[in-house]
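# Generate coordinates for the sequence data below:
(one chain, ligands or ions: 1)
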Amino acid sequence: MNKGEKIDIPRSQRSGRESSSQQSEGFNGPRPTSDVTGANKGIGFGIVRALCKELGERGVVYLASRDEGRGEKAVQELKGEGLNPRCIQLDICNNDHILKVADYFRDTYGGLDILVNNAGISFTAAATEPDSIQAPVTVETNVFATLRLCRALIPLIRSHGRVVTMAGQLGSLAYQKLGPDLQKRFKTVSTEQGIVDLMTEFISAAKEVKKKELGWGSSNYGVSKLGVIALTRIQGQDIIKDSGREDILINCCCPGNVATDMSSHKGPLTIDQGAVTPVYLALLPGGCSHQGLFFYQKAVKDFWGPVSQNQLLNSDDKFALSQSDAMIPVAYNNLDSKTQPWNGFDPTSLTELSLFLLATVSHMSALRTSEYPKDLLSVR
Ligand SMILES: NC(=O)c1ccc[n+]([C@@H]2O[C@H](COP(=O)([O-])OP(=O)(O)OC[C@H]3O[C@@H](n4cnc5c(N)ncnc54)[C@H](OP(=O)(O)O)[C@@H]3O)[C@@H](O)[C@H]2O)c1
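Numbering: from 1, shown residues only. Predicted coordinates:
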């Protein structure tokens, strides 16, 4: 994709609120409808399980999977637990799938109430593909495909609906590593096309082996999640201007460091614990003002400024992360602003050193990721 080139999924022609007699049910009605992408395993599976439990018979929860067989197997597993999700096929990198899914929700339910953009990829540290492949493939799935899906499905979200996208602390760290000009651009970018342009620039830098020289840092996954966080901010600002619908909240989050295929099962959290913050955002009550924000442990992370220790520690979910775990990003961020730890760390105390080492271990384990499926290597 070249700079300035438009992402080619059309915004849905008809929004849910206009297209069906069922639209009056809405999120507060008897059958709120949810779609969780990449839900055949990992955190997405945990999110479907939690939404099924929270919504009960009142809701319809779709477990979206790019592979029908894997999706059906996951649905059967949850049915064995007495839950009742439904399966839908969706490869977010497949435009035909996206349009089919949008048609399905529009025609069957007149819209959608909860969209969780969970599907995502990361190359393992051991991956042998060159950066010129890893960067575009990572951005294609985590940013471009997510954006295309949002363009097709957000117009179907009814009043009081919620959109949640899975970002990650590594997006925050990637921001810290950007050169000042790029930091300013991410902070101020205000259109979806602006995000596409930034990501396209990043891909070009990777292909030219100039990422560091041009101020991008090194992490493809981190920059892709940074793109998601900035995109969420823009989507949140845009939805406020939609006068036809009310109380739609669009936010993103880090689930914490969760033991999944992506983390080579190294994270301390279970998938059910990783589902806590995204499900919290998916079920935010009416009257809530959270819009376009990045959350960690159910609390807003002031992503574009210094991390507030209070924000990170005010979670009421004591089980989600232990206090020392929660201190890791705080420590990292404090160190980052003082000492640029990845470039020349200069601890002033033993405590600071140990917290930095914990942050490093956490960072490294998050980088240990699953095998990347080869069939996604063609970038559209
Ligand atoms: N694990 C963590 O600690 C952590 C931390 C921060 C953020 N996150 C984010 O949380 C989300 C879930 O991660 P996870 O740890 O649960 O990873 P995971 O176990 O690897 O699961 C990823 C899911 O995404 C699906 N997926 C990948 N590409 C897709 C595509 N093109 N279309 C549809 N589905 C696709 C996978 O499907 P297949 O089974 O078919 O491959 C799988 O269901 C990701 O966005 C990740 O970046 C995870």
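# Tell me which residue lies nearest the centroid of this structure.
By Cα atoms, centre = their mean, the mean C-alpha position of the chain lies nearest to residue 166, the distance being 1.8 Å.
# so what's that residue up against?
Residue 166 makes contact with 43, 116-118, 120, 228, 252-255, 278 under the criterion Cβ atoms under 8 Å, 6 or more residues apart in numbering. Placement of C-beta: from N, CA and C, glycine included.
# does the ligand sit close to the lengthiest strand in the chain?
Counting residues, the longest strand found in the chain (DSSP state E) is strand 157-166. Yes. Contact of strand 157-166 with the ligand (Cβ under 6 Å from any ligand atom) involves residue 166.
# how far out from the middle of the chain is that strand?
Relative to its chain's centre, strand 157-166 lies at 13 Å (Cα atoms, centre = their mean, to the nearest Å).
# what's the next secondary structure element after that strand?
Where DSSP states H and E defines the elements, the next helix or strand beyond strand 157-166 is helix 169-177.
# which secondary structure elements does that next one contact?
helix 220-240, strand 249-254, strand 294-296, helix 323-339, helix 350-367 (3 or more Cβ pairs under 8 Å, 6 or more residues apart in numbering; DSSP states H and E).
# interface residues of the chain facing the ligand?
Taking Cβ under 6 Å from any ligand atom as the test, the list of the chain residues beside the ligand reads 37-38, 40-44, 66-67, 70, 90-93, 118-121, 141, 145, 166, 168, 254-255, 257-258, 260-263, 267, 366, 370, 373, 376.
# Now the buried members of these.
Buried by 16 or more other Cβ atoms under 10 Å: 37-38, 40-44, 66, 70, 90-93, 118-121, 141, 145, 166, 168, 254-255, 257-258, 260, 262-263, 267, 366, 370, 376, out of those.
# Restricted to helices, list the residues of the chain next to the ligand.
Counting by DSSP state H, the residues of the chain next to the ligand place 42-44, 70, 366 in helices.
# Just give me the closest of those to residue 295.
Closest to residue 295 out of those is residue 43 (14.1 Å), distances taken as Cβ to Cβ.
# The closest one and residue 183, how far apart?
Distance of residue 43 to residue 183, given as Cβ to Cβ, to the nearest Å: 28 Å.
# got the contact list for the residue nearest to residue 142 when sequence neighbours are not counted?
Nearest residue to residue 142, sequence neighbours excluded (Cβ to Cβ, 6 or more residues apart in numbering): residue 224, at 3.8 Å. Going by Cβ under 8 Å, 6+ apart, residue 224 touches 138-139, 141-143, 171, 199.
# and these, which two are the farthest apart?
Most distant of these, by Cβ to Cβ, are 141 and 171, 14.5 Å apart.
# Do you know the pLDDT at the residue nearest to residue 57 when sequence neighbours are not counted?
Spatial nearest neighbour of residue 57, chain neighbours left out: residue 84 (7.8 Å); criterion: Cβ to Cβ, 6+ apart. Predicted confidence (pLDDT) at residue 84: the value is 97.
# repeat for residue 24
Looking at residue 24, its pLDDT is 35.
# Quickly find the element holding residue 50.
helix 42-55.
# whoops, I mixed them up, residue 97
Using DSSP H and E, residue 97 sits in helix 95-109.
# what packs against that helix?
For helix 95-109, the elements it packs on are helix 16-19, strand 33-36, strand 86-89, helix 146-153, judged by 3+ Cβ pairs under 8 Å, 6+ apart.
# Compute the distance from the centre of the last one to the centre of its chain.
Distance of helix 146-153 from the chain centroid (Cα atoms, centre = their mean) equals 13 Å.
# Same question for stretch 269-286.
12 Å.
# likewise stretch 230-237?
Offset of stretch 230-237 from its chain centre (Cα atoms, centre = their mean): 12 Å.
# Which residues does it contact?
Stretch 230-237 is contacted from outside by 143, 146-147, 150, 154, 163, 165, 167, 186, 189-192, 194-195, 198, 249-252, 291-294, using Cβ under 8 Å, 6+ apart.
# any weak-confidence spans in the protein?
Along the chain, the model assigns pLDDT under 70 to residues 1-30, 305-380.
# For the longest strand of the chain, list every residue counted as buried.
Buried residues in strand 157-166, counted by 16+ other Cβ under 10 Å: 157-166.
# farthest pair in those residues?
Comparing all pairs in the buried residues of strand 157-166 by Cβ to Cβ, the longest separation belongs to 159 and 166, at 24.0 Å.
# buried sites along stretch 176-183?
176-178, 182-183.
# got a list of what the closest residue to residue 92 other than its chain neighbours touches?
Sequence neighbours aside, residue 145 is the residue nearest to residue 92 in space, at 4.1 Å (criterion: Cβ to Cβ, 6+ apart). The contact partners of residue 145, by Cβ under 8 Å, 6+ apart, come to 92-93, 119.
# Repeat that for residue 40.
Residues in contact with residue 40 (Cβ under 8 Å, 6+ apart) are 63, 65-67, 70-71, 73-74.
# what do you get if the cut-off is 7 Å, keeping everything else the same?
Residue 40 sits next to 63, 65, 67, 70-71, 74 when contact means Cβ atoms under 7 Å, 6 or more residues apart in numbering.
# Next, give me the two most distant ones among those residues.
Using Cβ to Cβ, the contacts of residue 40 span at most 11.8 Å, a distance reached by 63 and 67.
# Can you get me a residue count around the closest residue to residue 49 other than its chain neighbours?
Of all residues not flanking residue 49 in the chain, residue 78 sits nearest, at 5.9 Å (Cβ to Cβ, 6+ apart). When neighbours are counted by other Cβ atoms under 10 Å, residue 78 registers 19.
# From what I see, residue 78 and residue 51 are in contact.
No. The pair residue 78 / residue 51 is not scored as a contact, 10.5 Å apart, by Cβ atoms under 7 Å.
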